[in-house]
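Peer 1: One predicted model, sequence on top.
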There are 2 protein chains.
Amino acid sequence: MGAERAHGLKAQVKEAREQLLAHLKGRGLRWTKQRDIILEIFIAAQKHISAQELYELVKKRSSEIGYATVYRCLNLFVDVGIAKERRFDEERVRYESAIFADHHDHLICTECGAIVEFEDERIERLQDHIASEHGFNVTNHRLELYGTCPKCR
Amino acid sequence: MGAERAHGLKAQVKEAREQLLAHLKGRGLRWTKQRDIILEIFIAAQKHISAQELYELVKKRSSEIGYATVYRCLNLFVDVGIAKERRFDEERVRYESAIFADHHDHLICTECGAIVEFEDERIERLQDHIASEHGFNVTNHRLELYGTCPKCR
DNA sequence: GTGAATGCAAAAGTTTTGCACGGAC
DNA sequence: GTCCGTGCAAAACTTTTGCATTCAC
């Protein structure tokens, strides 16, 4: 559940790489070996990953890549629209791929830490409705449901 | 809006103090001048406050209270159930009073930072429904709507 | 060749911790 | 008198930044 993706990994990496290249060219920035490696590993991870976890994966492949580069890359990916920041109930930020990902929310198991993504049109409509009752114009939202997953109940 | 409280400040401080005292007695812990001052200022703040902001308010009243004591106190308050941690889209944690506070969610203005609390039974029901579709048993949730408030539109 | 990206180490920001001293019980 | 809480400074942890060097263009 949640593992099924509309497009294969290769297609996602290709899409992300194109998006990154377009952004770099448009701004006189440079394509580097590090950025490509980090991009590929980030997309392949297919989950909510922290900078530290990504750094460790990257180091396995290419041990001379530094911590700061991973951080700088993740911030770049967020700018480009390849990655999204997610702040769950922990100190550090997690990142998820935004390639082919619709807006979605999260079900989080407090026992085993499993994270399931879901999307629900009814919730979105209800949120807009509530916001307008308060005179707000909603541009974004965050919804996390914490509880126990089927395995842990 | 949101400023209206069911009970006065004094009642909230009294309730919090009783809750804290009961907890301390039950565990052989001690009531101290610092804890009382910090408790009172925390409740009186009536908003989502960070440790740093609380520290600054506390220092005005009693300049010899240290930073670490404020942090230790806030963690104590969370244990006791007087305070709740809230992690918005920023690095540091904010705390809010849990005294007389029902479960509620937040509307956050991305222009001016204003935070409005709301509660909606329909959302709660819908969330339970969605969770059960995924086999989850929800115990808690977090919902934040980001957008522009009436003033900033 | 120019200037952006990297790697390292140091810095910055938030929160926790070790330790000697003071205070609540 | 005991031992918990405090205050200070130092440490931990995540993330950012300064700077000399490397490398994409």
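Peer 2: Cool, the structure landed.
Peer 1: can we go C-alpha only for contacts and neighbour counts from here?
Peer 2: Fine.
Peer 1: who's in contact with the nearest residue to A:E96 once chain neighbours are set aside?
Peer 2: For A:E96, ignoring the flanking residues on the chain, the nearest one in space by Cα to Cα, 6 or more residues apart in numbering or on different chains is A:H48 at 4.9 Å. Listed by Cα atoms under 8 Å, 6 or more residues apart in numbering or on different chains, the contact partners of A:H48 are A:R86, A:R94, A:Y95, A:E96.
Peer 1: Mind checking which of the residues you listed land in strands?
Peer 2: In strands, defined here by DSSP state E, the members of these are A:R86, A:R94, A:Y95, A:E96.
Peer 1: Buried among those? Make that a ChimeraX selection.
Peer 2: Here is the ChimeraX command that picks out the buried ones among these, judged by 16 or more other Cα atoms under 10 Å in any protein chain shown:
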select /A:86,94,95,96
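Peer 1: out of the ones in strands among the contacts of A:H48, who's nearest DNA strand D?
Peer 2: Proximity to DNA strand D was ranked across the ones in strands among the contacts of A:H48 by Cα to the nearest atom of the strand; first place goes to A:R94, at 6.9 Å.
Peer 1: Phi first, then psi, for the spatially closest residue to that closest one that is not a sequence neighbour.
Peer 2: Taking Cα to Cα, 6+ apart as the measure, A:R94 lies nearest to A:S50, with 4.4 Å between them; neighbours along the chain are not counted. Dihedral angles of A:S50 (phi, psi; degrees, to the nearest 10) stand at phi -90, psi 160.
Peer 1: distance of A:S50 from A:D120?
Peer 2: For A:S50, the distance to A:D120 (Cα to Cα, to the nearest Å) stands at 26 Å.
Peer 1: So what angle separates the directions of the top strand by length along chain A and strand B:137-148?
Peer 2: In chain A, with assignment by DSSP E, the single longest strand is strand A:137-148. Interaxial angle of strand A:137-148 relative to strand B:137-148 (axes from the mean of the first three to the mean of the last three Cα atoms, to 10 degrees): 160 degrees.
Peer 1: Need the pLDDT of the residue sitting nearest the centre point of chain A.
Peer 2: Here the mean C-alpha position of chain A is nearest to the C-alpha of A:E96 (Cα atoms, centre = their mean), at a distance of 1.2 Å. Reported pLDDT at A:E96 in the predicted model: 93.
Peer 1: wait, isn't it in contact with A:A51?
Peer 2: No: with contact defined as Cα atoms under 8 Å, A:E96 does not count as touching A:A51 (10.9 Å).
Peer 1: pLDDT averaged over whichever strand or helix holds A:R35, what's the number?
Peer 2: Mapping A:R35 onto the secondary structure by DSSP states H and E places it in helix A:33-45. For helix A:33-45, the mean per-residue pLDDT is 96.
Peer 1: Give the other helices and strands that that helix contacts.
Peer 2: In this structure, helix A:33-45 makes packing contacts with helix A:9-27, helix A:51-61, helix A:67-80, judged by 3 or more Cα pairs under 8 Å, 6 or more residues apart in numbering or on different chains; DSSP states H and E.
Peer 1: again, 6 Å this time
Peer 2: Where contact means 3 or more Cα pairs under 6 Å, 6 or more residues apart in numbering or on different chains; DSSP states H and E, helix A:33-45 is not packed against any helix or strand.
Peer 1: Does that helix reach DNA strand C?
Peer 2: Yes: against DNA strand C, helix A:33-45 shows contacts by Cα under 7 Å from any atom of the strand at A:K33, A:Q34, A:R35.
Peer 1: mind checking how far A:A114 is from chain B?
Peer 2: As judged by Cα to the nearest Cα, to the nearest Å, A:A114 and chain B stand 11 Å apart.
Peer 1: Show me what A:I49 is bridged to.
Peer 2: According to DSSP bridges, A:Y95 are recorded as the beta-bridge partners of A:I49.
Peer 1: Surely it and A:R94 touch.
Peer 2: Yes: using Cα atoms under 6 Å, A:I49 and A:R94 qualify as a contacting pair, with a distance of 5.1 Å.
Peer 1: who in chain A is up against DNA strand D?
Peer 2: When proximity is defined by Cα under 7 Å from any atom of the strand, chain A lies next to DNA strand D at A:30-33, A:50-52, A:67-68, A:71-72, A:75, A:91-94.
Peer 1: What's the PyMOL syntax to select whichever of these are buried?
Peer 2: This is the PyMOL syntax for the buried subset of the residues of chain A next to DNA strand D, where burial follows 16+ other Cα under 10 Å:
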select buried, chain A and resi 50+51+67+71+75+93+94
